[in-house]
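1. Need a 3D model of the following:
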Amino acid sequence: MRIVQIIPSFNVGGGELLAVRLAAEIKRQQPDFDVYILSLYDAIPTVVYDEALASGAQVVTLGKKKGFDPAIFRKIFKFLFAVKPDVIHTHLAGLRYALAPSVFFPESRRIHTIHNVAHHEVSAVVGWIHKLAFKVLGWMPVALSKMIQDSIVDFYGIKPPIVDNGIACHHSVFGFDRLELRSRLGFSADDILLITIGRLDKQKNQALLMDAFAKVLNVRPDAKLLIVGDDPTNGAYKSLLMDKASCLPPGIKQAIHFLGPRKDVAMLLRASDVFVISSDWEGVPLVLLEAMAYRVPIVSTAVGGIPDVISQEINGILVEKGDIDGLAAAIIRVLSNDLLAETLVVNAADTFKQCYSIDNTARNYLALYDKVRSS
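-> Prediction:
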């Protein structure tokens, strides 16, 4: 079988990481398959690109220019003509660019994973293009959770199958001493480390978390906030966060650490006391699954597909989006109750093992590819 995973770029994001890790796992399970990772833009030095190179799949870049680049349609066509794929699997903006070239390959099975709440993932115009793909041109949308599925029904009028996101858990990380990890990061055994991981973006609302963290410090003055990620676009939101931090009282400002993009996410999670998501909307973030796998108590806003993964006070604590006081109170509660924290961690790890490992995700996608062929 020849499978092409199409992503816009090697920027660090959940959609890009899933595509690359899915390609790697398919190649591991089916070494005789020809698997390709096709990026519209040229390679950039990120953890996504590093994982792509190590995946066993063939990595292809098309050199797309910023903005509308009509040459990209010809390049995709030439690639598809050369490969003649059995499966074209697009992610994020990959569909809008692959749609026209794929018309000339009617025998290919065409899948598009929707990584976010449907009306947040695309503009109205792109939504119309996607609806054409799904309803007329034979593309199958895939949802990451029940809530994402419901949003697709509302937005496109189509009920897609659900394939859970998944990650690979690197068990070697558990062999590192937690205090040693903290020492490497420059923190002491007594520091309380809160961590959030994701691109710096209005969607992720790290500004809300900074406000909540100021309230946490009133109760836990030994707390530190680690903000991992970068602004991959024009840097406007990153500048907003930096300006916000510079205006905070010195005690708060010094407790907030912007760590930028990192390749040691697993170790950062293992060194932390609480993982926090403060987003206004989401799909099913891969980093949420990583926090579950690496046994960090989770506090998150109840948005997108997150409540499909996190059950309140069983494997995490959920709060309403935009609720600064609620977010702060939930973090303080987890920090103040060791039994609660341990219960959340154990249950989250069990949930991960049952549902969210990358081998399960790959098997489910392979079954879906076969189902599309037989229908």
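
2. So what does L318 look like in phi/psi?
-> phi -110, psi 140 (degrees, to the nearest 10).

3. Quick check: nearest residue in space to it, chain neighbours excluded?
-> Spatial nearest neighbour of L318, excluding adjacent residues (Cβ to Cβ, 6 or more residues apart in numbering): A302 at 4.0 Å. The way it works is simple: take the backbone N, C-alpha and C, and place the C-beta from them, glycine included.

4. What number of residues are in the vicinity of the one you found?
-> Close neighbours of A302, defined as other Cβ atoms under 10 Å, add up to 18.

5. What is the helix or strand harbouring D154 packed up against?
-> Applying DSSP states H and E as the criterion places D154 in helix 146-156. Judged by 3 or more Cβ pairs under 8 Å, 6 or more residues apart in numbering; DSSP states H and E, helix 146-156 is in contact with helix 118-121, helix 124-135, helix 306-309.

6. now, of these, which is deepest in the fold?
-> Mean neighbour count, computed with mean count of other Cβ atoms under 10 Å, is highest for helix 306-309 among the helices and strands packed on helix 146-156, reaching a mean of 21.

7. List the contacts of that one.
-> Contacts with helix 306-309, where a contact means Cβ atoms under 8 Å, 6 or more residues apart in numbering, come from 145-148, 277, 282, 284-285, 288-289, 292, 300, 318, 351, 355-356.

8. same thing but 10 Å
-> With contact meaning Cβ atoms under 10 Å, 6 or more residues apart in numbering, helix 306-309 is reached by 143-150, 162, 164-165, 277, 279, 281-285, 288-289, 292, 298, 300-301, 315-316, 318, 348, 351-352, 355-356.

9. Check the offset of it from the chain's centre.
-> The chain centroid and the centroid of helix 306-309 are separated by 14 Å, computed with Cα atoms, centre = their mean, to the nearest Å.

10. Only the C-alpha atoms, please, for that helix, written as CSV.
-> Extracted in CSV, the C-alpha atoms of helix 306-309 (Å, rounded to 0.1, in the frame of the first residue of the first chain):
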residue,chain,number,x,y,z
ILE,A,306,-11.1,17.7,26.0
PRO,A,307,-14.2,16.7,28.0
ASP,A,308,-14.4,13.6,25.8
VAL,A,309,-11.0,12.6,27.2
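
11. Quick one: residues contacting the residue nearest to L318.
-> By Cβ under 10 Å, 6+ apart, the contact list for A302 reads I277, E282, I310, Q312, G316, I317, L318, V319, E320, K321, D323, G326.

12. try it again with 8 Å
-> So A302 contacts I310, L318, V319, E320, K321 (Cβ under 8 Å, 6+ apart).
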